[in-house]
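J.: Here's a sequence, model it:
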Amino acid sequence: MDKPSMIPILRNVARELERDMDQRLEPVLHNLEREITAPPRQFASDYAPPGDAIDPVVKGLLTHLPATGSVWPEAERKLWLELLAGSFRMIYREAEKPAVKSESLTAES
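T.: From the prediction side, this is the model:
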């Protein structure tokens, strides 16, 4: 093929690449714009998923977190963490441990 006949083909390839890039970038740019224009998050509960995805006990504990940068005595922090850990034990199940096969070792002769 000679050079002049390649120009339309290259233009078509460039248009296809541009269209493909626009389609791939559109959702990324949309999410980025939404993050930039969203109000600033101040509390741990602001990061929670919508709906009833978080247990009410955990939601209640999250509402008792003090504001970022405020004074929170260590004893109160420890108590809060213990309450959270206890809530997790109450709310969530333990993963089942896989059964361990016991193989008897025999001496090879």
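
J.: C-alpha from now on. contacts and neighbour counts both.
T.: Noted.

J.: For the chain, which element, helix or strand, carries the lowest mean pLDDT?
T.: Of all the helices and strands that make up the chain, the one with the lowest confidence by mean pLDDT, DSSP states H and E is helix 3-37; it has a mean of 80.

J.: Kindly give the local confidence score, pLDDT, for residue 80.
T.: The model reports residue 80 with a pLDDT of 91.

J.: who's in contact with it?
T.: residue 61 (C-alpha atoms under 8 Å, 6 or more residues apart in numbering).

J.: Okay, and it sits in which element?
T.: helix 74-91 (DSSP states H and E).

J.: centre of the chain versus that helix, how much separation?
T.: Offset of helix 74-91 from its chain centre (C-alpha atoms, centre = their mean, to the nearest Å): 23 Å.

J.: from here on, count from 6
T.: Noted, 6 is the first residue going forward, which turns the last one into helix 79-96.

J.: Tell me the buried residues in it?
T.: In terms of neighbour count (16 or more other C-alpha atoms under 10 Å), helix 79-96 has its buried residues at 85, 89.

J.: Can you show me the CA trace of that helix as PDB?
T.: This file holds the C-alpha atoms of helix 79-96, laid out as PDB (Å, rounded to 0.1, in the frame of the first residue of the first chain):
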ATOM      1  CA  GLU A  79      -7.200   6.200  76.600                       C
ATOM      2  CA  ALA A  80      -9.400   4.400  79.100                       C
ATOM      3  CA  GLU A  81     -12.500   5.500  77.100                       C
ATOM      4  CA  ARG A  82     -10.900   4.400  73.800                       C
ATOM      5  CA  LYS A  83     -10.100   1.000  75.300                       C
ATOM      6  CA  LEU A  84     -13.600   0.600  76.500                       C
ATOM      7  CA  TRP A  85     -15.000   1.600  73.100                       C
ATOM      8  CA  LEU A  86     -12.800  -0.900  71.400                       C
ATOM      9  CA  GLU A  87     -13.800  -3.700  73.800                       C
ATOM     10  CA  LEU A  88     -17.400  -2.900  73.100                       C
ATOM     11  CA  LEU A  89     -16.800  -3.100  69.400                       C
ATOM     12  CA  ALA A  90     -14.900  -6.400  69.700                       C
ATOM     13  CA  GLY A  91     -17.700  -7.800  71.800                       C
ATOM     14  CA  SER A  92     -20.300  -6.700  69.300                       C
ATOM     15  CA  PHE A  93     -18.400  -8.300  66.500                       C
ATOM     16  CA  ARG A  94     -18.300 -11.600  68.400                       C
ATOM     17  CA  MET A  95     -22.100 -11.300  68.900                       C
ATOM     18  CA  ILE A  96     -22.900 -10.300  65.300                       C
END
